[in-house]
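Asker: compute the structure for the input listed below.
(chains A and B)
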Amino acid sequence: MNTLDSHYDILVAGGGQAGLIAAIVAAEKGARVCLLEGAPKSHRGGNTRHTRNLRPLHNGPLSVLSGTYDEAEYWDDLMRVTKGKTNEHLARLTLRQSSGAVEWLEARGVQFQPPLGGTLHLGRTNAFFMGGGKQLLNALYRHAAKLDIDIHYDAMVSAVDMENGRFKSLQVGERRFYAKAFVAAAGGFEANIEWLKEGWGDIAENFLIRGTPYNRGDLLRILLDQGAQQIGEANQCHAVAIDGRAPKFDGGICTRVDCVSLGIVVNENAQRFYDEGEDFWPKRYAIWGRLVADQPNQVAHVIIDQKAKGGFMPPVFPATTANTIAELAGKIGLDAETLQKTVSDFNEAVKPGNFDHTSLDGLHTDGLDVNKTNWARPIDQPPYSAYSLRPGITFTYLGVEVTDKAAMKMADGSTSPNIFAAGEIMAGNVLGQGYLAGIGMTIGNVFGRIAGNEAADYALNH
Amino acid sequence: MRSTTKTAEAARVMSICNACRYCEGHCAVFQAMELRLEFNADTVDYLANLCHNCGACYHNCQYAPPHEFNLNVPAAMAELRQENYGVYAWPGFMGKLFARNGLWVSLLSIVVITLFTALTASLTGENFFARHDNGFYGVIPHNVLAGLFGAVGLFVALALVLSCVKFWRTMQLPAPHRLNFRQVFQGIKDALSLKYLDGGNGQGCSYPTETPSMARRWFHQFTFWGFMLCFAATSSGTILHYGFDLPAPYGFLSLPKLFGITGGLGLIIGPIGLLVLKAKADPMPKGKTNKGMDVGFLVLLLLSAITGLALMLVRDTPYVGFTLCLHLGVILTLFLSMPYGKFVHGFYRLIALVVFAVEKNDHKPLVGSCKTKKV
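Answerer: Residues are numbered from 1 along each chain as shown, chains lettered A, B, ... in the order given. Model prediction:
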């Protein structure tokens, strides 16, 4: 036997929430499990390290969650954002099984946060991880170590050997791993600019990636090349507008800019292009990545005046400020005359009314090509502030199709007997488009448990 | 207002944290941070003294090194605390002693203990090596001891009070009599229960490693209450002596003995536990070495308990003179180092927690806000 060969009951590729849960569930059932994480230990956990909450169904108060969030309401929320692009059977399964997510995690050392100021408006629907997703990861990695799961870092799967949809072994560089069953939980391809370009064209070069550079989707590509059934399109992703000065990779949550609805947004030509006050920001931020991606050079600038200061979450980078619009234009590289005209046209079009950021106040502009329908106040009190915006890609939706047992479907219509998928790599089955806070982690949690369970049953019976 | 690399780093870190806020459930630092948009020196001094260096926010941070944002909140706060202990010290020039704290405390210990022993030995002559019916008062008379420690105690109390007043004013707290009693009580309760060493959910802090643990909270409580009981032992002795004309030595079932023995045991268990945890602790969230400030203080506390209990055991033997000098030398060093060592952390933390209770109640910042000019 080659000394570099390793044999397990179950191999799990991907050390985010879904992969960890699958590995833990399988190990708790008695399987010998090996977890392969593509990133180094410092960046382990894929996108989970940047997450903050999941969205469990509950018919009454549950742990840190108040009130009730039942299947009917949850289903309506999902339909609203996906506009029907979902597999109803898998989606309802996800919603129902999500009710056990918090208890499962708490029993394995994950801490949840009691509702506080910053999270209060989501205290009914979303359970927040104390300290964020990295705390969840740390707790689950500690638990996995207690269960004697072998964990390898810097272990990106480079090849998978399968026959008629049946998994036989895989390779990590020179090293080969054999197992009776395989769980693919290695996420999407948001950090793979070349792949993003297949869906978006060359403009993808200008995208910022909110997660680590290790989320390359290599395993997803391997599985698709080996005949797995694809679900979703390459240009479907969760894209938000983030601070243009954010790092190319791994900027995470803090690069958000939350003042769009309080000001105006212009492109490089100093022109407005979309209604900034269409709806509450939490309901709209997920469309602005795409809107900015459609602008020249994928850049935009949000401009506010003194009145708006302090009315939104503080951005991580300081604003560019000036005492006149012309000076501000110079500082952010826009044509001063055009920006002055855009701002004064906007200001003149503002109709009188009472400003109230906590409701759809109807304070709007009239007669512009692009009107602002709520919270429209003149930009007239210096100093003026500007934040640059770029599309920030959080995660991708293209994945492999699965059954309700998390088994991977093949393009020829068959189902793999021993390959299971969980997490972002199959989230597109449930979330075909749009975004609902905490839904990605919910899918990963539910399908992680299903995949681990099914993989263990298969491996222990063969 | 002062501006140093430490205040600048704390402000940089807090500006990034304030845009993230994932750690808000862990402790008061982040909840106080969320009330603000900017972080001047006063504000970061406040936040630094709310921080217990528990490490949870470091281990759970998506921006911790090697991320390019290089966030390490507990380290930034620990290094800033070491600086601002010096800033608030009275008299001001003595603040320099925080820079190489372990060194001066060690040197002071050696000098004080040696001098104290040598001086006592030469002054008491053969009494030094004798056994005495009235225990240690046979070596050094009560009035000499009371005079010496009373004078040092007064200076220490003055230095501590004036340091706290300076910190209090910077925190922009109103005069004590104008404070809301309920808020003050909340601050005291949070300080005494070491609330923010519970990790946020009672799981404990990420100390000495990433795994949440209550060990530090327990050992700190042993240390604190051990110290307080020893203090109570001395105080009750003073009361018995002056109030009831009952001078030492006391029997085992007397208040000074009961307080002293239980306190002494706490003051042995606590500091040893904290020293062991410190040795095991992950070096990253601790920040740059604080030059023995913590270790120096813990060792002095430990020595004071050990020599105190030893003195009790050898009270009726010829070793009483030497043991007494060791014990009193340690206590004198501990006293002298109080305003210029780790001891001060309790006062600043208590004041910061009272400020936090006020801010939390009012939902608005107190420290660092614009000072209103008196008309």
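Asker: not counting sequence-adjacent ones, nearest residue to whatever residue of the stretch 101-250 of chain B ends up closest to chain A?
Answerer: Across the stretch 101-250 of chain B, the shortest distance to chain A (C-beta to the nearest C-beta) belongs to B:Asn201, at 4.8 Å. Heads up, the C-betas are built off the backbone N, CA and C, glycines and all. Excluding the flanking residues, the one nearest B:Asn201 by C-beta to C-beta, 6 or more residues apart in numbering or on different chains is A:Gln111, at 4.8 Å.
Asker: what about A:Ile417, which SS state?
Answerer: Rather than Ile, residue A:417 is Pro. Secondary structure state of A:Pro417, per DSSP: H, G, I helix; E, B strand; the rest coil, is strand.
Asker: hmm, it is touching A:Ala407, no?
Answerer: Yes. In this structure, A:Pro417 is within contact of A:Ala407 by C-beta atoms under 8 Å, at 7.5 Å.
Asker: neighbour count winner among the two?
Answerer: A:Ala407 (22 against 14; other C-beta atoms under 10 Å in any protein chain shown).
Asker: quick check: phi and psi on the more buried one?
Answerer: Dihedral pair for A:Ala407: phi -70, psi 140, per degrees, to the nearest 10.
Asker: which residue, other than its chain neighbours, is closest to it?
Answerer: Counting by C-beta to C-beta, 6+ apart, A:Ala407 lies nearest to A:Thr415, which is 5.0 Å off, once chain neighbours are set aside.
Asker: that neighbour contacts A:Lys409, correct?
Answerer: Yes. Taking C-beta under 8 Å as the definition, A:Thr415 is a contact partner of A:Lys409 at 5.5 Å.
Asker: which neighbours do the two share?
Answerer: Contact with both A:Thr415 and A:Lys409 is made by residues A:Thr403, according to C-beta atoms under 8 Å, 6 or more residues apart in numbering or on different chains.
Asker: compare those two (neighbour count), which wins?
Answerer: A:Lys409 (22 against 15).
Asker: A helix includes that one, no?
Answerer: No. Assigned with three-state DSSP, A:Lys409 falls outside any helix and is strand.
Asker: tell me which helix or strand of chain B sits lowest on mean pLDDT?
Answerer: helix B:101-124 (a mean of 90; mean pLDDT, DSSP states H and E).
Asker: which strands or helices does the helix or strand following that one pack on?
Answerer: The element immediately downstream of helix B:101-124 (helix or strand, assigned by DSSP states H and E) is helix B:142-170. Packed against helix B:142-170 by the contact rule (3 or more C-beta pairs under 8 Å, 6 or more residues apart in numbering or on different chains; DSSP states H and E) you find helix B:41-50, helix B:320-337, helix B:345-362.
Asker: returning to what we had before: for chain B, see how far away the residue nearest to A:Ala407 is.
Answerer: Applying C-beta to the nearest C-beta, to the nearest Å, the value for A:Thr415 to chain B is 37 Å.
Asker: list the contacts for that residue?
Answerer: For A:Thr415, the contact set (C-beta under 8 Å, 6+ apart) comprises A:165, A:403, A:407-409.
Asker: can you check B:Asp316 too?
Answerer: B:131, B:135.
Asker: picking up where we left off before, could you check the least confident helix or strand of chain B and say which residues are buried?
Answerer: Within helix B:101-124, the residues scored as buried using 16 or more other C-beta atoms under 10 Å in any protein chain shown are B:101-102, B:104-106, B:108-109, B:112-113, B:116-117, B:120-121, B:124.
Asker: gap between that helix and the chain center?
Answerer: Relative to the chain's own centre, helix B:101-124 is displaced by 22 Å; criterion: C-alpha atoms, centre = their mean, to the nearest Å.
Asker: again with stretch B:300-320
Answerer: Mean-position distance between stretch B:300-320 and its chain equals 23 Å (C-alpha atoms, centre = their mean).
Asker: can you tell me which residues in chain A are near chain B?
Answerer: A:42, A:49-50, A:52, A:111-114, A:116-119, A:128-135, A:138, A:142, A:247, A:250, A:252-256, A:309-310, A:313-316 (C-beta under 8 Å from any C-beta of the partner chain).
Asker: count of residues packed around the residue of the stretch 51-200 of chain B found nearest chain A?
Answerer: Proximity of the stretch 51-200 of chain B to chain A (C-beta to the nearest C-beta) peaks at B:Asn60, 3.3 Å away. When neighbours are defined as other C-beta under 10 Å, B:Asn60 has 28 of them.
Asker: one more: the one 3 residues further on?
Answerer: For B:Tyr63, the neighbour count with other C-beta under 10 Å is 24.
Asker: can you classify B:Asn290 as helix, strand or coil?
Answerer: Once three-state DSSP is applied, B:Asn290 turns out coil.
Asker: please give the element, helix or strand, for the residue lying closest to it once chain neighbours are set aside.
Answerer: Sequence neighbours aside, B:Gln82 is the residue nearest to B:Asn290 in space, at 5.0 Å (criterion: C-beta to C-beta, 6+ apart). Secondary structure assignment for B:Gln82, by DSSP H and E: helix B:73-87.
Asker: good, wrapping up.
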